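>>> sequence unavailable; structure follows:
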Ligand SMILES: Cc1cc2nc3c(=O)[nH]c(=O)nc-3n(C[C@H](O)[C@H](O)[C@H](O)COP(=O)(O)O)c2cc1C
């Protein structure tokens with residue numbers, strides 16, 4: 001039986017261990033986590049979700065309070081259409097985050113950045129162009145386009161000097177989405193360097209409806225590979241979502257995936273950005289504690305722990321400070337849900353909003369605990385301490401377990 005280490009991911013002449021740690025915003029897949037993947041010869045992702053906040057936390061900037069100060073007068077208004085991002089600040093924050101990460105990179109692997117199209121930031125094209133260009137300027141090895149069809153994203157950077165040299169890839173959940181992306185971008189004569197096929201068991205937002213359980217990653221990977229073959233396109237396909245053991249990963253590699261993208265197993269590592277208390281919640285979770293719901297204002301279903309403190313919280317929308325999900329017209333589904341509750345409960349000091357969540361604020365504060373389907377198996381990957389808590393793992397331990405384990409075994413920490 002083969003192990004992951006029997007395979008390599010090839011980008012031209014470059015050979016990598018075929019393990020990609022997926023992007024997890026907001027700073028859950030930290031620079032430290034991505035750097036470990038690169039040091040060990042694989043690929044790690046940072047994320048540019050809410051990058052101003054990430055810069056403030058890591059580099060002592062004060063971008064969020066500056067924005068809040070600028071728009072303070074608008075806080076009580078339900079109309080957020082005038083709340084805009086300062087593009088120069090967005091660029092600086094991205095350069096900080098990417099530049100400092102790339103400076104610290106060691107080893108033969110690569111570091112990519114996860115860019116979600118659904119962060120529409122009240123000016124989708126302008127902000128996405130800045131995010132992509134600034135990441136390329138700051139030397140990122142590659143960009144993974146996520147959470148959206150990204151039909152126009154390549155065109156936003158077609159004049160960038162690194163457009164044809166940096167690795168560019170896209171996450172899709174169906175062959176149809178990939179075909180659409182390729183068709184729309186045909187005129188640019190620039191294929192993606194890789195395609196991540198993300199199935200229904202992944203963490204974060206899902207590219208499926210609430211019938212996600214009817215879909216299956218192995219089938220979609222086969223469909224995408226068959227389509228690429230029929231089009232005579234040689235693009236590595238990276239399988240993602242629910243790949244929990246080294247043996248699971250090796251099986252995908254044997255059946256035509258060029259690499260695997262994994263995330264859930266790394267949420268309980270020291271290098272993951274979740275607070276330690278939240279990591280324990282992930283360890284403790286049972287299958288019944290995990291749900292896929294429609295609380296995200298993006299319109300995509302999202303998987304999370306039912307005990308996430310952000311669920312049901314009726315906080316006032318925080319768009320003057322954040323506002324990452326404001327669409328091109330300055331709207332967000334959470335604002336509508338919040339305003340509805342305020343109207344229904346005149347005079348109430350606090351309202352509850354059950355159908356949507358203020359995702360910016362709660363992801364920023366680690367109060368929406370998004371997670372993969374197999375989070376309930378994390379307890380089997382570690383040891384329990386005398387006080388009942390689970391021992392955190394190192395990213396190196398988990399990475400090497402994926403790389404070298406066989407027979408569905410999971411190595412416990414020493
Ligand atoms: C906590 C968490 C947060 C995530 N956040 C994002 C994200 O911000 N953007 C994205 O494209 N994918 C996100 N994902 C999906 C992962 O990058 C990855 O593709 C997927 O979870 C892999 O499946 P696995 O978790 O079963 O290994 C997230 C996953 C988890 C577990």
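Cool, the structure landed. Predicted model only: the values in this text are computed from it and were never measured.

>>> C-alpha from now on. contacts and neighbour counts both.
Fine.

>>> and the helices in this protein?
With DSSP state H as the criterion, the chain has helices at 31-39, 51-59, 63-70, 87-103, 124-137, 153-156, 175-185, 217-230, 246-254, 276-284, 333-344, 359-364, 395-404.

>>> tabulate those in CSV, adding columns for distance to residue 237.
Formatted as CSV, these follow (distance: least, C-alpha to C-alpha, whole Å):
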stretch, distance to residue 237
helix 31-39, 19
helix 51-59, 28
helix 63-70, 37
helix 87-103, 25
helix 124-137, 22
helix 153-156, 19
helix 175-185, 11
helix 217-230, 7
helix 246-254, 10
helix 276-284, 29
helix 333-344, 34
helix 359-364, 29
helix 395-404, 18
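
>>> so of the ones you listed, which one's packed in deepest?
Of all the helices of the chain, helix 31-39 has the most neighbours on average by mean count of other C-alpha atoms under 10 Å, namely a mean of 25.

>>> that older thread, ok, which of the helices of the chain comes nearest residue 388?
Residue 388 lies closest, by C-alpha to C-alpha, to one member of the helices of the chain: helix 276-284, at 10.0 Å.

>>> identify the residues contacting the closest one?
267, 268, 366, 369, 371, 375, 376, 377, 378, 379, 389, 390 (C-alpha atoms under 8 Å, 6 or more residues apart in numbering).

>>> show me which of the residues you listed are buried.
When these are checked for burial by 16 or more other C-alpha atoms under 10 Å, the buried set is 267, 268, 366, 369, 371, 375, 376, 377, 378, 379, 390.

>>> and the residues you listed, which of them are in strands?
Counting by DSSP state E, none of the members of these fall within strands.

>>> turn these into JSON lines, including pLDDT and distance to the ligand.
Listed next are the buried ones among the contacts of helix 276-284 as JSON lines, based on pLDDT from 0 to 100; distance: C-alpha to the nearest ligand atom, whole Å:
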{"residue": "267", "pLDDT": "99", "distance to the ligand": "6"}
{"residue": "268", "pLDDT": "98", "distance to the ligand": "10"}
{"residue": "366", "pLDDT": "98", "distance to the ligand": "10"}
{"residue": "369", "pLDDT": "98", "distance to the ligand": "7"}
{"residue": "371", "pLDDT": "98", "distance to the ligand": "4"}
{"residue": "375", "pLDDT": "99", "distance to the ligand": "8"}
{"residue": "376", "pLDDT": "98", "distance to the ligand": "11"}
{"residue": "377", "pLDDT": "98", "distance to the ligand": "11"}
{"residue": "378", "pLDDT": "98", "distance to the ligand": "11"}
{"residue": "379", "pLDDT": "98", "distance to the ligand": "15"}
{"residue": "390", "pLDDT": "98", "distance to the ligand": "18"}
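
>>> who in the stretch 1-150 of the chain is up against the ligand?
Residues of the stretch 1-150 of the chain lying close to the ligand by C-alpha under 6 Å from any ligand atom are 22, 23, 24, 25, 146, 147.

>>> any part of stretch 198-210 near the ligand?
Yes - residues of stretch 198-210 contacting the ligand under C-alpha under 6 Å from any ligand atom: 198, 201, 202, 203, 204.

>>> and stretch 282-295, by the same measure?
No - Stretch 282-295 does not reach the ligand (C-alpha under 6 Å from any ligand atom); its nearest approach is 9.6 Å.

>>> go through that stretch and flag the buried ones.
Within stretch 282-295, the residues scored as buried using 16+ other C-alpha under 10 Å are 282, 283, 284, 285, 286, 290, 291, 292, 293, 294, 295.

>>> what's the spacing between residue 78 and residue 332?
Computed with C-alpha to C-alpha, to the nearest Å, the distance linking residue 78 and residue 332 is 10 Å.

>>> residue 234 now?
With distances taken as C-alpha to C-alpha, residue 234 is found 39 Å from residue 332.

>>> wait, which of the residues of the stretch 1-150 of the chain next to the ligand is closest to residue 72?
For those, the residue nearest residue 72 by C-alpha to C-alpha is residue 25; the value is 26.2 Å.

>>> before we move on, the earlier item: okay, residue 78 and residue 332: which has more neighbours?
residue 332 (22 against 15; other C-alpha atoms under 10 Å).

>>> what pLDDT does the model give the more buried one?
If you check residue 332, the pLDDT there is 98.

>>> test my guess that it contacts residue 326.
Yes - proximity of residue 332 to residue 326 meets the contact threshold set by C-alpha atoms under 8 Å, at 5.1 Å.

>>> related to what we said a few turns ago, out of the buried residues of stretch 282-295, which is nearest to the ligand?
Within these, the smallest distance to the ligand is 9.6 Å, found for residue 282 (C-alpha to the nearest ligand atom).

>>> picking up where we left off before, would you turn the buried ones among the contacts of helix 276-284 into a markdown table with distance to residue 406?
Supplementary listing: these in a markdown table, determined by distance: C-alpha to C-alpha, whole Å:
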| residue | distance to residue 406 |
| --- | --- |
| 267 | 22 |
| 268 | 21 |
| 366 | 34 |
| 369 | 30 |
| 371 | 25 |
| 375 | 20 |
| 376 | 21 |
| 377 | 17 |
| 378 | 18 |
| 379 | 19 |
| 390 | 24 |
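
>>> closest to residue 247 out of the residues you listed?
The shortest gap between residue 247 and any of those belongs to residue 377, at 15.2 Å (C-alpha to C-alpha).

>>> cool, thanks, signing off.
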